[in-house]
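Enquirer: Predicted model and sequence follow; I will ask about them next.
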Amino acid sequence: MMNKDSFKRLALSSVLGLVLSYTFVVLAVLPIRYLRLQFGRSVFWTVALMGSGSLLLFGFWQWAGVYLTLCLLIGSYRELEEKKLSLFTSSLLAISITLTGAMTLFFSFLKITKNDWQSFLLLKTKPLMDQFQQLPRFQGLSSETVIWYLPSGLIITLMMILFISLTISPTGKAQRKTLLRFKLPDFLIWAFIFGLGLAFIPAQQSLISFVGFNLLIITLAAYFFQGLAVFVCFLDRFEIHGFWRLLALFLIFFQMFLFVCGLGILDYWFDFRSQPTHRKIKHKTFHS
């Protein structure tokens, strides 16, 4: 039985999850994750279904789809997390479940409205492309190109959303240690190399090009998170905090994406986090 304070927190997190899923989609996972952690499985799915059902009732089908997809991602990840699966396995399965659910909802909607998926996506992306093409760096970008890379774009978006949601954790410091130790399975390096090889095959707008570029982009994004864990470990070792730490993280996300991806890939061979700290090296050198 919930008391008055618990009911207020439940109402606030539910409303924030709904509102942010329409305005700041990425931030919506924070109240949604909080809702699942604090109130459990039954309350979480009841709120998720009631919220998305209410939006559908008022005709906000796109909003309902986004909200339900976010709830499916956070809810499925938490179920796997509670089963003590690894961070990689839980994330992979949660993203796979979410993509399957989202595609089922999307194609069911197309079947009901009798729309063609390609025409529908071209129509929805055209206004966005018109805005982007006003910027010099995006001139020449077309809706067809965006659709071509839509699978990798969706997966990377879910990866980023899941990463942000993990900032709220029931274990606190233990969760941070898990993130700092994050390392991809060894076989993924071969997926990266395979995607890189296919990407250089001169076959524009073909199945080979589609598979190669999407696989390359997805594996690069995955190694970004491994590189980020390595980089944050370096910041901890050299005790970089405050303003300089925030500046370094800002540069990572907005200016140094490929550098951090490369750091994650190199970590497969060099295992940077197992290296001795700078202080230990300096200490040994001083006494030698």
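Expert: All right, it came through fine. Owing to the predicted nature of the structure, the values given are computational and were not obtained by experimental measurement.

Enquirer: got the contact list for stretch 206-223?
Expert: Contacts to stretch 206-223, defined as CB atoms under 8 Å, 6 or more residues apart in numbering, come from residues 148-149, 151-152, 155-156, 159, 184, 188, 191-192, 194-201, 203, 258, 261, 264-265. (Each C-beta comes from the backbone N, C-alpha and C, glycine too.)

Enquirer: nope, stretch 244-263 is what I was after
Expert: Against stretch 244-263 from outside (CB under 8 Å, 6+ apart): Leu220, Ala221, Tyr223, Phe224, Gly227, Leu228, Val230, Phe231, Leu235, Ile240, Phe272.

Enquirer: Quick one: low-confidence residue ranges for the protein.
Expert: Counting by pLDDT under 70, the chain shows low-confidence ranges at 1-2, 128-143, 202-205, 275-288.

Enquirer: can you give me the strands for it?
Expert: For the chain, strands defined by DSSP state E do not occur.

Enquirer: pull the longest helix from it.
Expert: helix 207-237 (DSSP state H).

Enquirer: If we go by neighbour counts, what in that helix is buried?
Expert: 209-210, 212-234 (16 or more other CB atoms under 10 Å).

Enquirer: Equivalent analysis for stretch 254-272, please.
Expert: Buried residues in stretch 254-272, defined by neighbour count with 16+ other CB under 10 Å: Met256, Val260, Cys261, Leu263, Gly264, Ile265, Asp267, Phe272.

Enquirer: What segments of the stretch 101-250 of the chain are helices?
Expert: 117-132, 143-148, 150-165, 173-180, 188-199, 207-237, 242-254 (DSSP state H, counting those that start in this stretch).

Enquirer: export those to CSV and tack on distance to Leu55?
Expert: Below are those laid out as CSV (distance: least, CB to CB, whole Å):
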stretch, distance to Leu55
helix 117-132, 18
helix 143-148, 26
helix 150-165, 19
helix 173-180, 31
helix 188-199, 37
helix 207-237, 30
helix 242-254, 31
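
Enquirer: Nearest to Trp45, out of the ones you listed?
Expert: helix 150-165 (16.5 Å; CB to CB).

Enquirer: what about stretch 180-188, distance to the chain center?
Expert: When C-alpha coordinates are averaged (CA atoms, centre = their mean, to the nearest Å), stretch 180-188 and its chain have centres 16 Å apart.
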